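*Asks:* Everything below, folded, please.
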Amino acid sequence: MKGRVRFLDTRPLRASRPFRDLWIGSAASQLGGQAATVAVLAQVWDLTGSPVGTGVIGLATGLPTVLFGLLGGTLADTVDRRTVVRATSVGQLLAAAGLCVQALADNRNVVLLLGLVALGTACGALGAPARRTFPVRLLPADQVAAGLALSNVSFQAAMLAGPALAGLVIARWGLPAAYAAHALAVAVAALLVIRLPAMRPEGAGTAGGGRRAERGGWRIVLRRPTLWGSLATDLSATLLAMPIALFPLVNEVRFGGDPGTLGLFLSAVAVGGITAGLLSGTVTRLRRGGLVQLTAAGVWGLALAGFGLAGPLWAALGCLAVAGAADTVSVVTRGALVQLEAPDAHRGRVSSLENVIGVAGPELGNFRGGLLASVTSVPFALVAGGLSATLAVAAVAAANPSLRSYRTPLVSGRTVPGPTAPGAADTATGAATAPGP
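*Replies:* Numbering: from 1, shown residues only. So this is what the prediction gives:
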């Protein structure tokens, strides 16, 4: 059985009804979110006609993600996490409904539009740390990585299909229809969250408040080599080699600036990610999660260096597909490792740090790539970024034997002891005897 290629591991969907509800709701929300993203981009461009205007969308989403994400980590370690996600889901639904209403009213105020975007993002960021802790509470240890792989596949599928579907909806029925689809998807996700069992953190009420509570997540990460090594690996890969900001320049220099080619770059990354997700049963059953993440992050860097050197379009797209596949493997294994290694009393704050690094790393990486390309050349920026990312990952591996040797714990049933809602134990342990990784 060793080395056998396995398709997507669907045990979590069969074993746990609460996880199945969570996955369906998240998949619907992700697809609706892509519709809203395209609609907001189109509306802001229509209102401002300026790339600066569309660039401000990044501030309306990035700043609330960082600020409220950290606050959400403290909140998730203080009160019932299901309650946090329920409340923030209602906030997201109100923001989505507001977007639909303003489109129906033919709003011409870009500040109002971006304010609603910021509100929805803030609510989502506030609930994200609590939501990230759900799989480890709903699944046995040997299925956490598989659960995260399923979530990643739904995200990649939404990234691939969502924008195209949104474009068709907007072209046929206008912006209000796209916003309505988003609101409907958020409503479905909110209704399914209601069915989840209570998930109060172990040690709730001991986290304290203010800066002391926020530092708790940092202390746990810095004291556990597996945690800081995993997060450092992700930060090295994205900060040093993120290529998205360079796509338009690569397209202009090498492929004549064809918009269709630019779209193929993004699609190639998504295709690689989906392919890796569909075959993720091959890696989610492996217990050496740290080594898998390090290897995948190194491949990511090398693939992007190859993209910088690739001449023919097919070679460039192939390198991007490999990078997308490596990114999916890295994200899945990192997510499982972080959730399993973080103590439940601190898991919300650790999850908030993971979320902030996952948001800030790519954005800063894109800025770094654009700046470097502006003073050198786009091939140099891509090759130097990819190789430096691979070297940085190798340095983390050399300095962190705990991460290299990390093995997923073989724990039957729930991975975090503690009280659960009636009926939760049955669904969470239904596949505890299934073959492990």
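*Asks:* you'd agree residue 403 is up against residue 397?
*Replies:* Yes: applying CB atoms under 8 Å, one finds residue 403 in contact with residue 397, separated by 7.0 Å. Heads up, the C-betas are built off the backbone N, CA and C, glycines and all.
*Asks:* which ones are touching residue 73?
*Replies:* By CB atoms under 8 Å, 6 or more residues apart in numbering, the contact set of residue 73 is 129, 214, 217, 348-353, 355.
*Asks:* how about TSV for the residues you listed, with distance to residue 271, neighbour count and pLDDT added?
*Replies:* Putting the contacts of residue 73 into TSV (distance: CB to CB, whole Å; neighbours: other CB atoms under 10 Å; pLDDT from 0 to 100) gives the following:
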residue	distance to residue 271	neighbour count	pLDDT
129	30	32	87
214	39	18	50
217	35	27	62
348	34	31	81
349	35	29	82
350	32	28	83
351	29	28	79
352	31	29	80
353	30	23	82
355	25	21	78
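*Asks:* Show only the entries of the residues you listed found in helices.
*Replies:* Within those, residues falling in helices by DSSP state H are 129, 214, 217, 348-353, 355.
*Asks:* which one of the residues you listed sits closest to residue 227?
*Replies:* residue 350 (6.8 Å; CB to CB).
*Asks:* What residues does that closest one make contact with?
*Replies:* Contact partners of residue 350, counting by CB under 8 Å, 6+ apart, are 73, 217, 220-221, 227, 338, 342.
*Asks:* For the residues you listed, which single residue is the most surrounded?
*Replies:* Ranked by neighbour count (other CB atoms under 10 Å), these have residue 73 at the top, with 32 neighbours.
*Asks:* can you give me phi and psi for residue 140?
*Replies:* Backbone torsions of residue 140, given as degrees, to the nearest 10, read phi -70, psi 160.
*Asks:* Tell me where the stretch 51-200 of the chain is predicted with low confidence.
*Replies:* Judged by pLDDT under 70, the stretch 51-200 of the chain has its weakly predicted residues at 51-52, 54-55.
*Asks:* Find the nearest non-adjacent residue to residue 40, please.
*Replies:* Nearest residue to residue 40 in three dimensions, chain neighbours excluded: residue 117, at 5.8 Å (CB to CB, 6 or more residues apart in numbering).
*Asks:* Which neighbouring elements make contact with the one helix or strand the one you found maps to?
*Replies:* If you go by DSSP states H and E, residue 117 is part of helix 110-132. Packing partners of helix 110-132 (3 or more CB pairs under 8 Å, 6 or more residues apart in numbering; DSSP states H and E): helix 17-48, helix 51-76, helix 81-104, helix 347-375.
*Asks:* List the buried residues for it?
*Replies:* Buried positions in helix 110-132, judged by neighbour count with 16 or more other CB atoms under 10 Å: 110, 113-114, 116-132.
*Asks:* Same check on stretch 56-64?
*Replies:* Within stretch 56-64, the residues that qualify as buried by neighbour count (16+ other CB under 10 Å) are 56-57, 60-62, 64.
*Asks:* quick one: residue 62 from residue 356, how far?
*Replies:* 10 Å (CB to CB, to the nearest Å).
*Asks:* From what I see, residue 300 and residue 320 are in contact.
*Replies:* No: using CB under 8 Å, residue 300 makes no contact with residue 320, being 10.7 Å away.
*Asks:* These two: which is more packed in?
*Replies:* Comparing residue 300 with residue 320 by other CB under 10 Å, the one with more neighbours is residue 300, at 29 against 26.
*Asks:* Could you give the separation of the strand or helix carrying the more buried one from the chain centroid?
*Replies:* Assigned by DSSP H and E, residue 300 belongs to helix 289-309. Here helix 289-309 is found 18 Å from its chain centre; the criterion is CA atoms, centre = their mean, to the nearest Å.
*Asks:* Repeat that for stretch 255-270.
*Replies:* 22 Å.
*Asks:* any residues touching it, and which ones?
*Replies:* Here stretch 255-270 has contacts from 156, 159-160, 244, 247-248, 250-251, 313, 316-318, 320-321, 323-324, 327, using CB under 8 Å, 6+ apart.
*Asks:* Can you say which of those residues are buried?
*Replies:* In terms of neighbour count (16+ other CB under 10 Å), the buried residues within the contacts of stretch 255-270 are 156, 159-160, 247, 250-251, 313, 316-318, 320-321, 323-324, 327.
*Asks:* Just give me the closest of those to residue 287.
*Replies:* Using CB to CB, residue 327 is the member of these that sits closest to residue 287, with 21.5 Å.
*Asks:* Disregarding residues adjacent in the polypeptide, which is nearest to the closest one?
*Replies:* Per CB to CB, 6+ apart, closest to residue 327 is residue 300, 5.6 Å.
*Asks:* Now do the contacts for the one you found.
*Replies:* Each residue near residue 300 by CB under 8 Å, 6+ apart is listed here: 237, 241, 323, 326-327, 330, 389.
*Asks:* can I get those in JSON lines with distance to residue 172?
*Replies:* Output for the contacts of residue 300, formatted as JSON lines (distance: CB to CB, whole Å):
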{"residue": "237", "distance to residue 172": "39"}
{"residue": "241", "distance to residue 172": "39"}
{"residue": "323", "distance to residue 172": "34"}
{"residue": "326", "distance to residue 172": "37"}
{"residue": "327", "distance to residue 172": "33"}
{"residue": "330", "distance to residue 172": "38"}
{"residue": "389", "distance to residue 172": "42"}
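*Asks:* which among these gets closest to residue 180?
*Replies:* residue 327 (32.0 Å).
*Asks:* any idea how far the closest one lies from residue 306?
*Replies:* From residue 327 across to residue 306, the span is 14 Å (CB to CB).
*Asks:* swap in residue 166?
*Replies:* From residue 166 across to residue 306, the span is 31 Å (CB to CB).
*Asks:* which regions of the stretch 201-350 of the chain sit below the pLDDT cut-off?
*Replies:* Scanning the stretch 201-350 of the chain for pLDDT under 70 picks out 202-217, 259-260, 262-263, 284.
*Asks:* And the helices in it, which stretches?
*Replies:* Per DSSP state H, counting those that start in this stretch, the stretch 201-350 of the chain carries helices over the ranges 210-223, 225-241, 247-255, 259-278, 281-284, 289-309, 313-341, 347-375.
*Asks:* any chance of these in a markdown table, plus distance to residue 196?
*Replies:* Shown next, in a markdown table, are the helices of the stretch 201-350 of the chain (distance: least, CB to CB, whole Å):
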| stretch | distance to residue 196 |
| --- | --- |
| helix 210-223 | 23 |
| helix 225-241 | 26 |
| helix 247-255 | 38 |
| helix 259-278 | 24 |
| helix 281-284 | 22 |
| helix 289-309 | 26 |
| helix 313-341 | 16 |
| helix 347-375 | 16 |
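*Asks:* Select, out of those helices, the one closest to residue 384.
*Replies:* Minimum separation from residue 384 across the helices of the stretch 201-350 of the chain (CB to CB) falls at helix 347-375, 7.0 Å.
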